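Visitor: turn this into a model:
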Amino acid sequence: MEKKITPDTYIKRNNEVFASTIDDEVVMMNIQSGKYYGMDSVGSRIWELISEKIQVQQVIDQLLEEYDVSEEQCRSDVLEFLQELNQNKLLKVFE
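Guide: Residues are numbered from 1 along each chain as shown. A predicted model of the protein is given here:
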């Protein structure tokens with residue numbers, strides 16, 4: 001069963017995923033599944049922020065400083081994005 005990601009959750013990107021930056025966007029391949037993924041500039045920024053273990057709220061706070069977005073919208077979008085990464089086994093979630 002997948003863990004629900006909340007602002008209090010600690011996460012880190014899965015280092016078994018091969019990722020490369022092309023024109024400010026991250027392109028990844030999950031070596032285990034063989035699937036490719038592409039991220040826009042905001043997704044790429046989140047990927048950069050989760051290179052080390054970090055609390056989701058810290059990611060949200062950082063994005064609020066960098067982008068003109070409401071806290072509610074940012075939180076919703078980040079949680080949805082991270083849940084999708086988790087479903088695709090691109091993320092490590094800590095207790």
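
Visitor: against residue 61, how distant is residue 36?
Guide: With distances defined as Cβ to Cβ, to the nearest Å, the gap from residue 36 to residue 61 amounts to 30 Å. To be clear about C-beta, it is placed using only N, CA and C from the backbone, and glycine gets the same treatment.

Visitor: what about these two, which has more around it?
Guide: Set residue 36 next to residue 61 and count neighbours by other Cβ atoms under 10 Å: residue 61 wins out with 14 against 10.

Visitor: kindly indicate whether that one is helix, strand or coil.
Guide: With DSSP: H, G, I helix; E, B strand; the rest coil as the basis, residue 61 sits in helix.

Visitor: need the contact list for it.
Guide: The neighbourhood of residue 61, defined by Cβ atoms under 8 Å, 6 or more residues apart in numbering, contains no residues.

Visitor: go on, the one 10 residues further on?
Guide: Neighbouring residues of residue 71 by Cβ under 8 Å, 6+ apart: 60, 64.

Visitor: and it, backbone torsions?
Guide: Backbone geometry at residue 71, expressed as degrees, to the nearest 10, gives phi -60, psi -40.

Visitor: got it, and residue 6?
Guide: The phi and psi values for residue 6, taken as degrees, to the nearest 10, are phi -130, psi 170.

Visitor: what pLDDT does the closest residue to it other than its chain neighbours get?
Guide: Nearest-residue entry for residue 6: residue 56, 6.8 Å, with adjacent residues in sequence omitted and distances by Cβ to Cβ, 6 or more residues apart in numbering. The per-residue pLDDT reported for residue 56 equals 98.

Visitor: just give me the neighbour total for residue 56.
Guide: By the criterion of other Cβ under 10 Å, residue 56 has 21 neighbours.

Visitor: next one: residue 51
Guide: Using other Cβ under 10 Å, the number of residues around residue 51 comes to 11.

Visitor: now do it against residue 57, distance only.
Guide: Residue 51 is 17 Å from residue 57, where distance means Cβ to Cβ.

Visitor: still on that earlier bit, the residue nearest to residue 6 contacts residue 3, doesn't it?
Guide: No - taking contacts as Cβ atoms under 8 Å, residue 56 lies outside contact range of residue 3: 11.6 Å.
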